[in-house]
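*Asks:* Based on what follows, work out the 3D shape:
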Amino acid sequence: MDLVPTADLRQDVQTLTTLDDGAVMQFASIALEILRKGPTATKGFTSAAKKLGTSVDSIQTMCKALCHALLEAARSEPSEAALGEYFHELGFTGDSRQALVQFYADNHKEIRELGLATNLEYAHYKSIEWRLDVQVASRSLRREATPSFLLNVVTETPDGKQESCTFEADYETMLNWHQQAEQALKAATSTDTRRLMRHVRIH
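*Replies:* Numbering: from 1, shown residues only. Next up is the predicted model:
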């Protein structure tokens, strides 16, 4: 799989690309800690923000972007040359680029394992309740009644926390969702997807 950074990712790491390799390595270490402990691992954000004269939110954005870059590399399994080119396209040059390549090589196994674990931490579908509303009679109703669906979708995180989302949709939207769900189910049971899932389980 080719590694191609998005414009948003390049923008998020832009400040990082102006730092020396020592500072970049500090950010790489923070990014790895975030992958280990989650987004609440913000140790060092305040001091880094003061040194760079920026906000804590900006530091967090840069660290998350670096997390994303490391995870993308782990999923793509690039060669050393391809990885160096990826970091170069992100804007890192010279010692900083080489330092990131070495950092990834030193921590490759853990980053990949953390990446696979991260994929399993998203909330998943739990249940759905729905109601169909149709106005059947009205003096002011001069055209065909339009049905409206009221839905309440419940999702659950791996730690058991449930969240609900209530929204309204018309028939055309529901039909579109139904068609997309069928396409997704068909893709999920395809030969290519089954082959990919076997590869993921092996690693």
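
*Asks:* What ranges does the chain have for its strands?
*Replies:* Here the chain has its strands, by DSSP state E, at 124-133, 148-156, 162-170.

*Asks:* now the angle between strand 148-156 and the first one, please.
*Replies:* The one in question is strand 124-133. Angle between the axes of strand 124-133 and strand 148-156 is 160 degrees (criterion: axes from the mean of the first three to the mean of the last three CA atoms, to 10 degrees).

*Asks:* what's the neighbour count on residue 14?
*Replies:* The burial count assigned to residue 14 is 13, neighbours taken as other CB atoms under 10 Å. Every residue, glycine included, has its C-beta placed from N, CA and C.

*Asks:* May I ask you to confirm that it is in contact with residue 66?
*Replies:* No - shown here, residue 14 and residue 66 do not form a contact pair, counting by CB atoms under 8 Å, at 12.0 Å.

*Asks:* starting at the chain centroid, how far to the longest helix along the chain?
*Replies:* Of all the segments of type helix in the chain, defined by DSSP state H, the longest one is helix 94-119. The chain centre lies 17 Å from the centre of helix 94-119; the measure is CA atoms, centre = their mean, to the nearest Å.

*Asks:* In contact with residue 45, which residues?
*Replies:* 30, 56, 59-60, 63 (CB atoms under 8 Å, 6 or more residues apart in numbering).

*Asks:* at 6 Å what do you get?
*Replies:* Shown in contact with residue 45 (CB atoms under 6 Å, 6 or more residues apart in numbering): 56, 59.

*Asks:* re earlier: elements contacting the longest helix of the chain?
*Replies:* Helix 94-119 sits against helix 21-37, helix 56-76, helix 80-90, with contacts defined as 3 or more CB pairs under 6 Å, 6 or more residues apart in numbering; DSSP states H and E.

*Asks:* so how far is residue 24 from the residue nearest to the spatial centre of the chain?
*Replies:* Central residue of the chain (CA atoms, centre = their mean): residue 68, 7.5 Å from the mean position. The spacing between residue 68 and residue 24, counted by CB to CB, to the nearest Å, is 15 Å.

*Asks:* cool, residue 56 as well?
*Replies:* For residue 56, the distance to residue 24 - CB to CB - is 19 Å.

*Asks:* give me the number of residues near residue 89?
*Replies:* Other residues close to residue 89 by other CB under 10 Å number 13.

*Asks:* just checking, it touches residue 4?
*Replies:* No - assessed by CB atoms under 6 Å, residue 89 is found out of contact with residue 4, at 7.5 Å.

*Asks:* List the residues that contact residue 49.
*Replies:* By CB under 6 Å, 6+ apart, the contact set of residue 49 is 55-56, 59.

*Asks:* what does residue 103 give?
*Replies:* residue 28 are the contacts of residue 103 under CB under 6 Å, 6+ apart.
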